[in-house]
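Chemist: Here's a sequence, model it:
(2 chains)
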There are 2 protein chains.
Amino acid sequence: MKKEFTVAILGATGLVGQRMIKQLEQSTIPVKKVKFLASKRSAGKKLKFRDQEVEVEETRPESFSGVDIVLSSAGGAVSKKFLPEAVKRGSVCIDNTSAFRMDPDVPLVVPEVNGEEIKNHHGIIANPNCSTIQMVMALKPMMDKFGLKRVIVSTYQAASGAGHAALEELFKEAKDYMAGKNIRDEAEVLPTAGDKKHYPLAFNLLPQIDVFEDDGYSHEEWKMIHETKKILLNDMNAADIKVTATCVRVPVEIAHGESVYFELADKNATVSDLEKVLKDFPGVQVQNDFRKQEYPQPLNAVGSNDTFVGRIRPDLETPGAFNMWVVADNLLKGAAGNTVQIAEKLVANDWL
Amino acid sequence: MKKEFTVAILGATGLVGQRMIKQLEQSTIPVKKVKFLASKRSAGKKLKFRDQEVEVEETRPESFSGVDIVLSSAGGAVSKKFLPEAVKRGSVCIDNTSAFRMDPDVPLVVPEVNGEEIKNHHGIIANPNCSTIQMVMALKPMMDKFGLKRVIVSTYQAASGAGHAALEELFKEAKDYMAGKNIRDEAEVLPTAGDKKHYPLAFNLLPQIDVFEDDGYSHEEWKMIHETKKILLNDMNAADIKVTATCVRVPVEIAHGESVYFELADKNATVSDLEKVLKDFPGVQVQNDFRKQEYPQPLNAVGSNDTFVGRIRPDLETPGAFNMWVVADNLLKGAAGNTVQIAEKLVANDWL
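Modeler: So this is what the prediction gives:
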């Protein structure tokens, strides 16, 4: 008899949770039963899964009894509290928060990039940060063929990365701004709910995502540096590839843009060489014909689980160095899509 | 008797022209008379200058007779056609278009950075591109003290850089997007009126500013590379400082952001060393206290002629290299403000 799985979605009512449900509906995983878990506040809500109506339950340690796979996106504190309980009860957890990403016992996985790491799990597999995922998707095929020495990235990140409340705030501010109101004092959520001051994002730019570390980098920038090293080199502090990042929130609803500068070891690689390895890489779409004004745009990437790469051009003064522009749906490939891909690979290889 | 000047504003009805009028009203230049010049379409409109009402005239070669100073921002083709006529009639022209910027006989000037160049003019002085101006304002003091080797910039440019029509388009799209309409086919102006295809900017990102060169760089990126070299090194192709750029239009009304990565010759410079030279530089405001969530934002820069610098932090793996975030009002310091500053310096030094 074909094996079937009970899948719990922790944080089912959030922006990412909602997309986890959709991705799971469309996935290759044989689902016997789903459980939708959330905070007490959301308990009792009814959500659809395929043709069933499923009631959201308040998350408790016992919620995970009989659960084979947990897809988790309810915030780091929730993951830290409940995922060990789930593991204790025999679940394998795929966690979209930053709670366990830097744990050396927890694989940090983008399936196309380092999918084999999944089998080394001890009950928890971490889904990387949204902005990291789309960047390593673009870098990996070039790294494998030409060697990668250095990355300098500037991000253009959509408000949906900060959840429902951030999106509502952005839209309200945008309407008020266009009605001529002063929106300076309206913000209560962005740049990040976890910090003291709040600033408007509508028709503005906020060079802060998450809180600041003592060295002046934001935690989002820290993640891009160390997660990239862990995914590409299996060591969060590896020195073989230098990475630095500037992360900026922009008034976009969904899909992040990234301006990525990178230096290859092979100084003879051409743009068409790079296009070729990118085109051959699963999950990457090359949109790189500047003569036809073809390049990735957030509005065109929404709803796709692919990573879009374009504007690839050599630094005119540094051999082996290039600029490129990378866009992906931060809620799909950057979150729910990648999480469900990990679950699919886990199931397909019987790595539970 | 104190000398007084007749000043013509060419392109007086445009977004930049309007701000040139305001800046001139507040300037130290003794103005005897103003002439507002524009296309035939705008002729007859009445605009205020201090307490006078001034009628806009259609631009003709004879319009420049008796004009001492021309402030020009009506597009490159208009500048190419009329500025030689003005020079022939004895005017000194300060041109905010790209028409003459790369002419070796035309100084390209940011007053705080290379103001002495003004005196080498032969009737035309060029105002640099908006995104270039704010970047060189931040780089110059650090270059003078610590030596500058390399610049990698990603821009976040406001829609007002593309004029009135682009702003109207952005606001219409934003309203339609929030009303649930599909805005994919609405655009007629952006990314650039001069190219074939048009894409929406509202809740989107467009990695194209101006048309593309044959090497895949946009003309805006080309300007940032070569204008920066001309301003900082007096040679548009100088190799002493390597510059590469990625220019992106973002859904912001006014003020550009820039994520600037730079490498200094002096590998021992610290963030506080950089803050010090930046604070001492006229026209720069340092907003660099991440512990207080203090950093430059477009909404806070609008209406100021200063350049705001923050998020200054060392690359953690490359000695002497730093990231910073630079914001300025693209219509003021990036255009009208810098132009009127050039005129003030011209007059103050009797360099006409």
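
Chemist: ok, longest helix in chain A?
Modeler: helix A:130-146 (DSSP state H).

Chemist: following that one, which helix or strand comes up?
Modeler: strand A:148-157 (DSSP states H and E).

Chemist: Tell me which other helices or strands that following strand touches.
Modeler: Counting contacts by 3 or more Cβ pairs under 8 Å, 6 or more residues apart in numbering or on different chains; DSSP states H and E, strand A:148-157 packs against helix A:130-146, helix A:219-233, strand A:242-249, strand A:256-264, strand B:148-157. From N, CA and C alone the C-beta is placed, and that goes for glycine too.

Chemist: Partner strands of the last one, with direction?
Modeler: Using DSSP bridges, the strands paired with strand B:148-157 are strand B:242-249 (parallel), strand B:256-264 (antiparallel).

Chemist: how about those strands, which one is nearest B:T6?
Modeler: If you check each of those against B:T6 by Cβ to Cβ, strand B:256-264 wins as the nearest, at 32.6 Å.

Chemist: is chain A contacted by the very next helix or strand once past that closest one?
Modeler: Using DSSP H and E, the helix or strand that follows strand B:256-264 in sequence is helix B:271-279. Yes: counting by Cβ under 8 Å from any Cβ of the partner chain, chain A is contacted by helix B:271-279 at B:V271.

Chemist: Name the residues of helix B:271-279 that are buried.
Modeler: Using 16 or more other Cβ atoms under 10 Å in any protein chain shown as the test for burial, helix B:271-279 gives B:274-275, B:277-278.

Chemist: do the same with stretch A:303-321
Modeler: Result for stretch A:303-321 [16+ other Cβ under 10 Å]: buried residues A:304-315, A:320-321.

Chemist: which residue ranges form the helices in the stretch 251-352 of chain A?
Modeler: A:271-279, A:298-301, A:337-348 (DSSP state H, counting those that start in this stretch).

Chemist: Give me the contact list for the last one.
Modeler: When contacts are taken as Cβ atoms under 8 Å, 6 or more residues apart in numbering or on different chains, the neighbours of helix A:337-348 outside the stretch itself are A:5, A:7, A:19-20, A:23-24, A:27-30, A:69, A:71, A:73, A:92, A:94, A:96, A:109-111, A:115, A:118, A:125, A:127-128, A:133, A:305, A:329, A:331-332, A:351-352.

Chemist: Also stretch A:224-243?
Modeler: Applying Cβ under 8 Å, 6+ apart, the contact partners of stretch A:224-243 are A:101-102, A:108-110, A:113-114, A:117, A:128-129, A:131-132, A:135-136, A:139-140, A:143, A:148-153, A:155, A:217, A:244-245, A:247, B:315-318.

Chemist: that older thread, which one of the buried residues of stretch A:303-321 is nearest to B:G163?
Modeler: Nearest member of the buried residues of stretch A:303-321 to B:G163, counting by Cβ to Cβ, is A:R311, at 23.7 Å.

Chemist: okay but that closest one is in contact with A:V326, surely?
Modeler: No: counting by Cβ atoms under 8 Å, A:R311 stays clear of A:V326, with 9.0 Å between them.
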